[in-house]
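Undergrad: here is my input; please provide its structure:
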Amino acid sequence: MSGGSSMQTTILTEKDIRSLLEMRSVIDAVEQVFEAKGRGKVQMPVKSYLYYNKSKGDLRIMPSYLEDMDVSAVKVVNSHPENRLEGLPSVMGTLILIDPRTGFPLSIMGGSWLTAMRTGATSAISAKYLARENSKILGIIGTGIQATTQLMAMLELLTGIKEVRAFDPDNSRLTTFLSESKTLYPTVTISGESEAETVVRNSDICITLTPSRKPHIREEWVRPGTHLCAVGADAPGKQELDPNILKHGTIIVDDMAQAAHAGEINIPLKDGFIDRDDVKSDLANVVLGKVQGRTSEDEITIFDSTGLAMQDAVIAKHAYDRAVEMGLGQRLDLVL
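TA: This is a model prediction of the structure:
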């Protein structure tokens, strides 16, 4: 990977990133990087956190190096659930793409849409390996920006999905999501529900996307054969699922070290309600075929998604390469 003879840094805005990424390519790239992780070809320290307790927010620092692909990046991303009260996204990211050969910053780019895209792609990949093949109804709990890319990825990869049910305690946010989604996917039945319970009870695949610190998805709501994508718990102390779901279901994590620290399993592990042996595998080994995913029609599967730096890096490289090819972005003499 080279920065070119001019050694300029390419600046890519969020608007640029939206024009450079399409979901099918993102899914393919994310699945490829999970394969690399399964082969032990990824350096990826557990994300570090700063906690802004006064503003009920946090900041995460996420570095990675994909050895065989020769791709490296560092992302800084926040989580401030109350930002919407100020008209700001609750999650904003900035990513620096690095040339591993020299350490030169090839690109600085907006990381918010990139984060949403790769997270949605990862949930869809988990469903590819863990959901029942005849899954038809998708449930979504929480309808912020992440819901859009989750839906996009699921409908791209799982052609059997015919119906979507969604819930959000913020009715205006739910209404916006439903309106936009029905316009984008007119052949899919998309409806809103007044309670999370109704969504969960009627879903073959259910995605939870809330920043909750108390479990609000109850075990008795989850019918046999459901695949759950637990996405909202991405920092220490966060938890969306009744821990009994974890105790009696099959748990697959995106990364064991990170999930134990900051994923859906972090509190049940800390409390001793489950232990590490209750986690069947990470997704990389399932993708590689080293571990079988779903083993029966009635099995409840849970994917604990914390969001990995390697996903950001591979998508950032894809966006950067396309930008160079298309002549997109602003080039600056940032370093030299």
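Undergrad: tell me which residue lies nearest the centroid of this structure.
TA: Centre of the chain computed as the mean C-alpha position; nearest residue by Cα atoms, centre = their mean is residue 119, 2.1 Å away.
Undergrad: wait, what's in contact with it?
TA: Residues counted as contacts of residue 119 (Cβ atoms under 8 Å, 6 or more residues apart in numbering) are 146, 149-150, 231, 305, 307, 311. Using the backbone N, CA and C atoms, a C-beta is placed for each residue, glycine as well.
Undergrad: same deal with residue 16?
TA: Residue 16 touches 109-110, 319, 323, 328-329, counting by Cβ under 8 Å, 6+ apart.
Undergrad: 7 Å instead?
TA: Taking Cβ atoms under 7 Å, 6 or more residues apart in numbering as the contact definition, residue 16 lies against 323, 328-329.
Undergrad: can you tell me the SS state at residue 32?
TA: helix (DSSP: H, G, I helix; E, B strand; the rest coil).
Undergrad: that one: neighbour count?
TA: Neighbours of residue 32 under the rule other Cβ atoms under 10 Å: 15.
Undergrad: would you tell me what helix or strand the residue nearest to it when sequence neighbours are not counted is located in?
TA: Counting by Cβ to Cβ, 6 or more residues apart in numbering, residue 314 is the residue found nearest to residue 32 once chain neighbours are left out, at 7.0 Å. Element membership of residue 314, judged by DSSP states H and E, is helix 309-326.
Undergrad: what's the average pLDDT for that helix?
TA: Here helix 309-326 scores 97 as its mean pLDDT.
Undergrad: now the residue nearest to the centre of the chain: how far from residue 28?
TA: Distance from residue 119 to residue 28, counting by Cβ to Cβ, to the nearest Å: 16 Å.
Undergrad: can you check residue 115 too?
TA: Look at residue 115 and residue 28: by Cβ to Cβ, they are 18 Å apart.
Undergrad: pLDDT value on residue 5, please?
TA: The pLDDT attached to residue 5 in the predicted structure is 46.
Undergrad: cool, residue 202 as well?
TA: With respect to pLDDT, residue 202 scores 97.
Undergrad: surely it meets residue 136?
TA: No: using Cβ atoms under 7 Å, residue 202 is not in contact with residue 136, being 10.5 Å away.
Undergrad: in this protein, which spans are helices?
TA: Listed in chain order, the helices of the chain (DSSP state H) span 14-20, 23-38, 112-130, 145-157, 171-184, 196-201, 243-248, 256-262, 266-271, 283-288, 309-326.
Undergrad: tell me which residues of the fifth one are tucked away?
TA: In other words, helix 171-184. Buried residues in helix 171-184, counted by 16 or more other Cβ atoms under 10 Å: 173-174, 177-178, 181.
Undergrad: and if you look at the first one?
TA: Going by neighbour count (16+ other Cβ under 10 Å), the buried part of helix 14-20 is 14, 16-17, 19-20.
Undergrad: which one among the residues you listed gets closest to residue 187?
TA: Nearest to residue 187 out of these is residue 19 (Cβ to Cβ; 25.3 Å).
Undergrad: ok, back up a step: from the contacts of residue 16, list just the buried residues.
TA: 323, 328-329.
Undergrad: for residue 255, see how far away residue 180 is.
TA: With Cβ to Cβ as the criterion, residue 180 and residue 255 are 32 Å apart.
Undergrad: my error: substitute residue 158 in the last question.
TA: Taken as Cβ to Cβ, the spacing of residue 158 relative to residue 255 amounts to 23 Å.
Undergrad: of these two, who's got more company?
TA: Taking other Cβ under 10 Å, residue 158 and residue 255 do not tie; residue 255 has more neighbours (25 against 18).
Undergrad: quick check on the more buried one: phi, psi?
TA: Backbone geometry at residue 255, expressed as degrees, to the nearest 10, gives phi -150, psi 130.
Undergrad: where in this structure is pLDDT low?
TA: Within the chain, the set of residues satisfying pLDDT under 70 comprises 1-6.
Undergrad: and it, what are its domains?
TA: 9-114+310-331, 119-308 (automatic domain parsing).
Undergrad: OK, contacts around the nearest residue to residue 176 once chain neighbours are set aside?
TA: Using Cβ to Cβ, 6+ apart and skipping residues adjacent in sequence, the residue nearest residue 176 is residue 143, 7.7 Å away. Contacts for residue 143 (Cβ under 7 Å, 6+ apart) come out as 166, 168, 173-174, 177.
Undergrad: hey, what's residue 331 bridged with?
TA: Residue 331 has these beta-bridge partners by DSSP bridges: residue 10.
Undergrad: determine the number of other residues adjacent to residue 31.
TA: 19.
Undergrad: try residue 260
TA: 18.
Undergrad: could you check how far the closest residue in space to residue 25 that isn't next to it in sequence is from residue 227?
TA: Sequence neighbours aside, residue 318 is the residue nearest to residue 25 in space, at 6.4 Å (criterion: Cβ to Cβ, 6+ apart). Plainly put, residue 318 is 27 Å away from residue 227 if you go by Cβ to Cβ.
Undergrad: buried set for stretch 298-305?
TA: Result for stretch 298-305 [16+ other Cβ under 10 Å]: buried residues 299-305.
Undergrad: output it as PDB, restricted to C-alpha atoms.
TA: Taking Å, rounded to 0.1, in the frame of the first residue of the first chain, the C-alpha atoms of stretch 298-305 are listed here in PDB:
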ATOM      1  CA  ASP A 298     -35.000 -25.000  17.600                       C
ATOM      2  CA  GLU A 299     -31.700 -23.600  18.800                       C
ATOM      3  CA  ILE A 300     -31.600 -20.000  19.900                       C
ATOM      4  CA  THR A 301     -28.400 -18.300  18.600                       C
ATOM      5  CA  ILE A 302     -27.000 -15.100  19.900                       C
ATOM      6  CA  PHE A 303     -24.300 -13.000  18.100                       C
ATOM      7  CA  ASP A 304     -22.600 -10.600  20.500                       C
ATOM      8  CA  SER A 305     -21.400  -7.700  18.200                       C
END
